[in-house]
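1. Mind looking at a prediction? Sequence and model below.
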Amino acid sequence: MIRYIVKRLLSAIPIVLIVGIIAFSLSHLSGGDPARVIVGNDATEEQVEAVRQSMGLDQPVMAQLWTWFVNLLHGDLGYSYIMNMPVSEAISSHILPTLSIAVLGEIIALLIAIPLGVYAAGRHGRAADKAVLGFATLTGSLPSFLSGLLLMILFAMQWRLLPASGYISPSKDFGGYLEHLILPSLAVATLQIAVVTRMTRSSMIDQLGSAYIRTTEAKGLPARGRLWRHAFKNASIPIITVVGQSFGELIAGAIVVETVFNVPGVGQLVVNSILRRDYQMIQGVMIFVAFMFIIVNLLTDVLYAVIDPRIRERSF
Amino acid sequence: MTATPTIIESVKPPTEAPADTANAAAHNADSPLLEVEDLAVSFATVDKKWKTTVEGVSFSVGQGEILGIVGESGCGKSVTSFSIPRLHDERTTRYEGRITFDGRDMLSLDQASLRALRGEDIGFIFQNPMSSLDPLMRIGRQLEETVRVHHKNLAKGEVRSRCIDALKEAGADKPELWMGKYPYQMSGGQLQRVVIAMALVNKPKLLIADEPTTALDVTIQAQLLRVLRSLRDRLGMSIILITHDMGVVAQMCDRVAVMYLGQVVETAPVRELFAHPSHPYTKGLLSATPPLSGPRPERLATIEGSVPQLSEVPDGCRFASRCPFATGECRTGKVAMRQVGQAHSIRCARFREVHDLPFQAAQKKHDAAAAAGADDSTGKEA
């Protein structure tokens, strides 16, 4: 298993390289002089030149890229002159709300989508199945900022059950932290519910029609054992794939939803950095998100191997 | 036909059903274990109509008897065998007629009692062992699950030893090792032994084997057939063996039901069937099979045409369009099963005449006549 994980990690290196190059060239392609942005319009040409030198912007592009990568390998994502702090520090102070929303959103989505999908597959072609499909289409066509606003109107304004916006750190007040997370998490979960419900349903329909399920029927297994112990386990591989892939969308959704709910997460950090042309910060966040993707992909790969002995064996 | 030297050379003369009734529990030993009377199976189509795929199917299986069901692909063998433990999707299937198993009326049983019978009193062996097992679960767990679902209070060790015994019974050479393997780590022949072990682990009264060797190569075929036969000989299980292979029928069965296009067209004890095949279809099948002994003919006969689609089932006799003996009377009205000998019936409108006529001669005449464009009169000449 260790070797399998190491292999997966090694295969992530080219991805980091490519994302790194793209992030790096972004700031160089997008025109405008980063040094000028930092010192402001009133500064003299000498001051700009000084900043340029201190940032290494006067050196050839390839040399800059090299330094940047070397720093990256040391865990140094760069220094934001605009926020006047290391990029990694800025990210770490903004990441918790974003991750909380994404993870809680995913949990809510899975808790709703998987039972729904399995149930619909069991009643394939009947009214209940069609109702589930309709529900999936509905949630799938609701953008998260819209569902966020709707939830806010219903739960915060009409029924006054939950706070409308804001964020409280878990170390300060854990109950308040959860209360503030529920609505944004539900908002990011809507799209995920649609994707996972559809995948669960179709994957389960596939499995329920397969020969080994007929065997379990001929053995006299009750329906529940067939459904979960046999069919769902086999159906779970494509479900995990789709969950892993759409986790990225979930983070993107979290970034939008943060703005709606006024949560100080990575989303706000990104939006502000873009507005201020803080290229160091943008680069740093891009690389960081790429790392998150890699980790999520690694997790899904490990889950495959845990579930399917054939995958386990092939990779050793 | 797929009969090959390996099988044919090992053919033993079919034996009479042994009088072994050790397995007959509360049930009256004289009446058959399974009786299927006038079974019809219909499936719901997309536009919510019922399409009948199998009808007028009647046969019975006695204690310790091996019944063969033969016919070409698509003739309804599998549909029939799946109907006995009601394995078709209940929502889209309609059964008519009567299936009595061990004194119980199968078609009116509730789901719970059905589940209790499946895997316990009726074992089922499927056609393709490679896809019949859950790919993500060890063989051992899949076997143990079969025992545990019917015997909830059995100790762990006892469950395991029953599974190992069943694997041995099915001819596994290293049953303990097999228990820990996943299906993908085993060969097709090994997997079919596992499937057989799974079907017999609870010592069922009836074993239904749906083309158990079709997906496997010939040497393994012969071994597995020997396993099945020994189950009957030693444990007194009744077996329904579904096959398209007349060689397998001759080797294994006590009695035979020949099916064509969703109907049983002939039933007879196996010796009687091979000695006096009476239905034109059976005659055709047998003349298309290499003889078990004596010189081989240079060319085997074939039955012309192919099985029509179920949607285009003709009026009258279903075999008429391919039958060299067919006349006008064959093409109208339903044809019933009629007795032509001791425990021997056929479904043929011309059963009195056709009975003794050879198939190939009729086919030649039929072809000649067809060439002359006098299709309808051929039957009378024959």
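-> Structure received. Numbering: from 1, shown residues only, chains lettered A, B, ... in the order given.
2. need the residues of chain A near chain B, please.
-> Counting by CB under 8 Å from any CB of the partner chain, chain A comes close to chain B at A:210-212, A:214-222, A:225, A:229-230, A:233-234, A:307-310. All C-beta spots, glycine's among them, are computed from the backbone N, C-alpha and C.
3. Show me how far the worst-scoring helix or strand of chain A on mean pLDDT is from its chain's centre.
-> Here the helix or strand of chain A ranked lowest by mean pLDDT, DSSP states H and E is helix A:34-39, holding a mean of 73. Remark: helix A:34-39 is offset 32 Å from the chain centroid, using CA atoms, centre = their mean, to the nearest Å.
4. got the CA positions of the helix or strand following it in CSV?
-> Later in the chain than helix A:34-39, the nearest helix or strand by DSSP states H and E is helix A:45-55. Written as CSV, here are the backbone C-alpha positions of helix A:45-55 (Å, rounded to 0.1, in the frame of the first residue of the first chain):
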residue,chain,number,x,y,z
GLU,A,45,11.5,55.4,-11.6
GLU,A,46,14.4,54.7,-9.1
GLN,A,47,12.1,53.4,-6.5
VAL,A,48,10.4,51.1,-9.0
GLU,A,49,13.8,49.9,-10.1
ALA,A,50,14.8,49.2,-6.5
VAL,A,51,11.7,47.1,-5.9
ARG,A,52,12.2,45.3,-9.2
GLN,A,53,15.7,44.3,-8.2
SER,A,54,14.7,43.2,-4.7
MET,A,55,12.0,41.0,-6.3
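5. ok so A:D58 is a strand residue?
-> No - counting by DSSP: H, G, I helix; E, B strand; the rest coil, one finds A:D58 to be coil, located in no strand.
6. Distance of the nearest residue to it once chain neighbours are set aside relative to A:V70?
-> Distances taken as CB to CB, 6 or more residues apart in numbering or on different chains place A:R52 nearest to A:D58, at 5.2 Å, with adjacent residues excluded. Look at A:R52 and A:V70: by CB to CB, to the nearest Å, they are 20 Å apart.
7. ok, those two, which is more surrounded?
-> More neighbours surround A:R52 than the other of A:R52 and A:V70, with 18 against 10 (other CB atoms under 10 Å in any protein chain shown).
8. In this structure that one contacts A:Q59, no?
-> No - assessed by CB atoms under 8 Å, A:R52 is found out of contact with A:Q59, at 9.6 Å.
9. From A:P60, how far off is the residue nearest to A:D58?
-> In this structure, A:R52 and A:P60 are 13 Å apart, going by CB to CB.
10. B:L200 too?
-> 78 Å.
11. Compare these two (neighbour count), which wins?
-> A direct count of neighbours by other CB under 10 Å for B:L200 and A:P60 places B:L200 higher, at 23 against 8.
12. Give me the pLDDT value at that one.
-> The pLDDT attached to B:L200 in the predicted structure is 92.
13. Can you name the residues that contact it?
-> B:G123, B:A166, B:E169, B:A170, B:L207, B:L231, B:L235, B:M237 (CB atoms under 8 Å, 6 or more residues apart in numbering or on different chains).
14. tell me the contacts of the second one?
-> When you say that, I think you mean B:A166. Neighbour list for B:A166: B:L143, B:A197, B:M198, B:L200, B:V201 [criterion: CB under 8 Å, 6+ apart].
15. I'd assumed A:T215 was in contact with the third one.
-> Yes - with the criterion set as CB under 8 Å, B:M198 and A:T215 qualify as a contacting pair; they are 7.5 Å apart.
16. And those two? Which one has more around it.
-> The neighbour count for B:M198 versus A:T215, taken as other CB under 10 Å, is higher for B:M198 (30 against 27).
17. Next, work out how far apart the more buried one and chain A are.
-> To chain A, B:M198 is 7 Å away according to CB to the nearest CB, to the nearest Å.
18. for B:Q127, same thing?
-> Per CB to the nearest CB, B:Q127 is found 8 Å from chain A.
19. any idea which helix or strand carries that residue?
-> Under the criterion DSSP H and E, no helix or strand holds B:Q127.
20. Let's see the pLDDT reported for it.
-> pLDDT, B:Q127: 87.
21. do the same with B:V11
-> pLDDT recorded at B:V11 is 41.
22. cool, the one 4 residues further on as well?
-> As predicted, B:T15 sits at a pLDDT of 45.
23. Same question for B:R160.
-> Here, the pLDDT recorded for B:R160 equals 96.
24. What is the neighbour count of it?
-> Counted by other CB under 10 Å, the residues lying close to B:R160 total 17.
25. Which element is encountered next along the chain beyond whichever strand or helix holds B:Y281?
-> Here B:Y281, judged by DSSP H and E, is contained in helix B:280-287. Downstream of helix B:280-287, the next assigned helix or strand under DSSP H and E is strand B:337-341.
26. Output that next one as CSV - backbone C-alpha positions only.
-> Only the C-alpha atoms of strand B:337-341 are listed here, as CSV (Å, rounded to 0.1, in the frame of the first residue of the first chain):
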residue,chain,number,x,y,z
MET,B,337,-48.9,-32.8,-26.2
ARG,B,338,-49.9,-36.4,-27.1
GLN,B,339,-48.7,-39.6,-25.7
VAL,B,340,-46.8,-41.8,-28.1
GLY,B,341,-45.3,-44.4,-25.8
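27. Could you spell out the sheet neighbours of it, each with its direction?
-> strand B:344-347 (antiparallel) (DSSP bridges).
28. Mean confidence (pLDDT) on the strand it pairs with, please.
-> For strand B:344-347, mean pLDDT rounds to 91.
29. Likewise for stretch A:109-116?
-> For stretch A:109-116, the mean pLDDT works out to 96.
30. Work out the gap between that stretch and the centre of the chain.
-> A distance of 18 Å separates the centroid of the chain from that of stretch A:109-116, by CA atoms, centre = their mean.
31. Can you give the contact residues for that stretch?
-> Residues outside stretch A:109-116 that contact it (CB under 8 Å, 6+ apart): A:132, A:135-136, A:189, A:192-197, A:200-201, A:239, A:243.
32. Pull up the gap between the closest residue to A:A90 other than its chain neighbours and A:L96, please.
-> Leaving aside its sequence neighbours, A:A90 sits nearest to A:M83 (CB to CB, 6+ apart; 5.8 Å). The gap separating A:M83 from A:L96 is 18 Å, by CB to CB.
33. returning to what we had before: got TSV for the contacts of B:A166, with secondary structure and distance to B:C330 too?
-> Formatted as TSV, these follow (DSSP: H, G, I helix; E, B strand; the rest coil; distance: CB to CB, whole Å):
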residue	secondary structure	distance to B:C330
B:L143	helix	50
B:A197	helix	47
B:M198	helix	45
B:L200	helix	43
B:V201	coil	48
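34. Nearest to A:H124 among those residues?
-> Nearest to A:H124 among these: B:M198, at 26.8 Å, using CB to CB.
35. list the contacts for the closest one?
-> A:T215, A:K219, B:G123, B:Q142, B:L143, B:T146, B:A166.
36. distance of it from B:L231?
-> Using CB to CB, one gets 13 Å for the distance from B:M198 to B:L231.
37. cool, and B:I242?
-> B:I242 is 16 Å from B:L231, by CB to CB.
38. One more: A:D58?
-> For A:D58, the distance to B:L231 (CB to CB) stands at 87 Å.
39. Of the two, which one has the most company?
-> Neighbours of A:D58 and B:L231, each counted by other CB under 10 Å, are more numerous for B:L231; the result is 24 against 12.
40. follow-up on the earlier one: let me have the contacts of B:M198 in a markdown table, adding pLDDT as columns.
-> Shown next, in a markdown table, are the contacts of B:M198 (pLDDT from 0 to 100):
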| residue | pLDDT |
| --- | --- |
| A:T215 | 93 |
| A:K219 | 93 |
| B:G123 | 95 |
| B:Q142 | 95 |
| B:L143 | 96 |
| B:T146 | 95 |
| B:A166 | 95 |
